[in-house]
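Student: Okay, predicted coordinates and the sequence, questions at the end:
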Amino acid sequence: MSENGVLSTVFEAQRPRLRAVAYRMLGSRSEADDAVQETWLRLSRSSDTTVENLGAWLTTVISHICLDMLRSRKVRGDDMEHAQEPREPSLTTSLANPQEDELVLADSVSAALLVVLQKLSPAERVAFVLHDMFDLSFEEIAPILERTPEATRQLASRARRRVRGEDSLTETQQDDRQRQREIVGAFLAASRGGDLQGLLAVLDPDIVFRADAAAVRMGGPAELKGATAVAGIFKGRAQAAQPALINDAVGVLVAPAGKRLLFLRLTFGNGKITAIDAVADPTQLADVKIAALND
């Protein structure tokens, strides 16, 4: 086999990881593919093809490429809310299954996180993605950003706070938010697992579910009252739902392929969810402030 053929074989083995790195940084499947292709071109043109750790070399190269693309995007003022349009869903299918897309199915990163990553600076995004998602050390990331390891650590820390929406919370507010995150995590886990008793455990007996007109047009009920009725519409669903901060309050976002479809505004009381409002109105979806939470 020719040297180029060997490189091609090695590169193809690395392609899924490189694509994942680029997708998390760029939030765009087409741009991720462009970054991967440019990485291959640089490898094929490189005179040093005997590097000891080719995987690390390729990660460094694609990170540089993505950083340049992010900086160029920032200069142009591009709005990355242009993710590929998903098919029109019903409320039931939106809560049940993500769009059957290769990257969505393969990617463990929530759509909500991809949305909020767009708000980070290019350097913050690279530091956060490489360290928090791919376990690279700050010593490895620092040369990519042309920063010291300590400065890189601070970038990642600042990005992490922004992603979690915790820049200015008091200790009491952080405690309250953590309890609400745990409730939402239990709610989504029970919903996905079809665990009726688990749902009833986190829903107030007198809970009220309401849906706006746009959500009703997706096929959902306009209003339901009582834990049993509300649990019934979520049992076995929520596969595409992710915990998120909705205007700085803990809630749920449904956004297959990074496209916002609806969000659930939650009200809490006495350690349970007392109200759920499903909002799919396009104006509210466009205006709502979203920050990701991991369940």
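Tutor: Received the coordinates, thanks. Residues are numbered from 1 along each chain as shown.

Student: I'd like to know how far the nearest residue to residue 193 once chain neighbours are set aside sits from residue 228.
Tutor: The shortest distance from residue 193 to any residue other than its chain neighbours is 8.0 Å, reached at residue 236 (CB to CB, 6 or more residues apart in numbering). C-beta coordinates here come from the backbone N, C-alpha and C atoms, glycine included. Distance, residue 236 to residue 228, using CB to CB, to the nearest Å: 15 Å.

Student: which element follows the helix or strand of the chain with the lowest mean pLDDT toward the C-terminus?
Tutor: When the helices and strands of the chain are scored by mean pLDDT, DSSP states H and E, helix 102-106 comes last with a mean of 40. Next along the chain after helix 102-106, taking DSSP states H and E as the criterion, comes helix 111-117.

Student: circling back to that earlier point, so how far is residue 68 from the residue nearest to residue 193?
Tutor: In this structure, residue 236 and residue 68 are 44 Å apart, going by CB to CB.

Student: Just give the number of residues close to residue 201.
Tutor: Residue 201 is surrounded by 16 other residues when neighbours are defined as other CB atoms under 10 Å.

Student: host element of it?
Tutor: helix 196-202.

Student: Quick one: distance of whichever helix or strand comes after that helix to the chain centre.
Tutor: Helices and strands here follow DSSP H and E; after helix 196-202, the next one along the chain is strand 203-211. From the chain centre to the centre of strand 203-211 is a distance of 27 Å (CA atoms, centre = their mean, to the nearest Å).

Student: and strand 203-211, which residues are buried?
Tutor: 203, 204, 207, 208, 209, 210, 211 (16 or more other CB atoms under 10 Å).

Student: helices or strands up against that strand?
Tutor: Applying 3 or more CB pairs under 8 Å, 6 or more residues apart in numbering; DSSP states H and E, we find strand 203-211 packed against strand 223-225, helix 227-234, strand 272-279.

Student: I'd like the ones you listed laid out as CSV, including distance to residue 135 and mean neighbour count.
Tutor: Converted to CSV, the helices and strands packed on strand 203-211 look like this (distance: least, CB to CB, whole Å; neighbours: other CB atoms under 10 Å):
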stretch, distance to residue 135, mean neighbour count
strand 223-225, 43, 14
helix 227-234, 34, 19
strand 272-279, 34, 19
